[in-house]
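Chemist: after the sequence you'll find the predicted model.
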Amino acid sequence: MNREASSSPSSFSRRRVASLTAVLAVAFLLLIIGIYTDDGLMEINPSLSHKWSSMTAQNNTLLSLTHRKLLNTEAMKEEVGVEPNRIWSDRCSKSDILISQGPTAPLPNGIPTYTVEIMNVCVSGCDISAIHLSCGWFSSARLVNPRVFKRVHFDDCLVNDGKPLVNGRTLSFQYANTYRYPLIVSSVTC
């Protein structure tokens, strides 16, 4: 009976320490999450927002804890004469060409093969031509149709013989080499 009475307070204090540790860990995580949200602590407690931000009288802009810089596109056009890049643009860009490649069955002699798919994912319906890829010293043990993909110079490969890749279309080819070549779009013509 003495043993039960003496073990009970120590088990109670262990539980107490464990629960206190858990509460502190959760509080710490909430604090970290609060700091890394878009509006920091202001989102958790709106009453703190007036402490963390101030209005400037000169140009009536709001300065906040997040340190985000908003683009004033009108001022940029006047000063630089350049409009910022848009996600949905009327013009095409390198990001409208999507390249994916993955391993396929090896050749009979054991050399690994890879299938490459080059897709035109232009949202505005543009056909993209003169697609050049950064491809290092690309070579293949399996013949690749040069009208589909060919290395012109070191680190410069041409897709579709320079002809337009129609919007929504995909070109694919297979190559065989001991390792996979990283293929990155280097330039396109809209």
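Modeler: Yep, that arrived. Numbering: from 1, shown residues only.
Chemist: show me the shaky parts of this protein.
Modeler: Scanning the chain for pLDDT under 70 picks out the ranges 1-9, 11, 32, 34-90.
Chemist: mind listing the strands for this structure?
Modeler: Using DSSP state E, the strands of the chain run over 54-55, 62-63, 97-104, 113-120, 129-134, 149-153, 156-159, 170-176, 184-189.
Chemist: R91: which of those is closest?
Modeler: Smallest distance to R91 across the strands of the chain (Cβ to Cβ): 10.5 Å, for strand 184-189. (Glycine included, C-beta is placed from N, CA and C.)
Chemist: can you give me the angle that closest one makes with strand 97-104?
Modeler: For strand 184-189 against strand 97-104, the angle by axes from the mean of the first three to the mean of the last three Cα atoms, to 10 degrees is 140 degrees.
Chemist: quick one on the thing from earlier: okay, the strands of the chain in CSV with distance to S140 next?
Modeler: Shown next, in CSV, are the strands of the chain (distance: least, Cβ to Cβ, whole Å):
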stretch, distance to S140
strand 54-55, 62
strand 62-63, 56
strand 97-104, 12
strand 113-120, 9
strand 129-134, 14
strand 149-153, 9
strand 156-159, 11
strand 170-176, 4
strand 184-189, 18
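Chemist: just send those back as CSV, with distance to A27 and mean neighbour count too.
Modeler: Listed next are those as CSV, based on distance: least, Cβ to Cβ, whole Å; neighbours: other Cβ atoms under 10 Å:
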stretch, distance to A27, mean neighbour count
strand 54-55, 29, 10
strand 62-63, 29, 10
strand 97-104, 44, 14
strand 113-120, 48, 18
strand 129-134, 49, 20
strand 149-153, 57, 16
strand 156-159, 55, 21
strand 170-176, 51, 17
strand 184-189, 45, 15
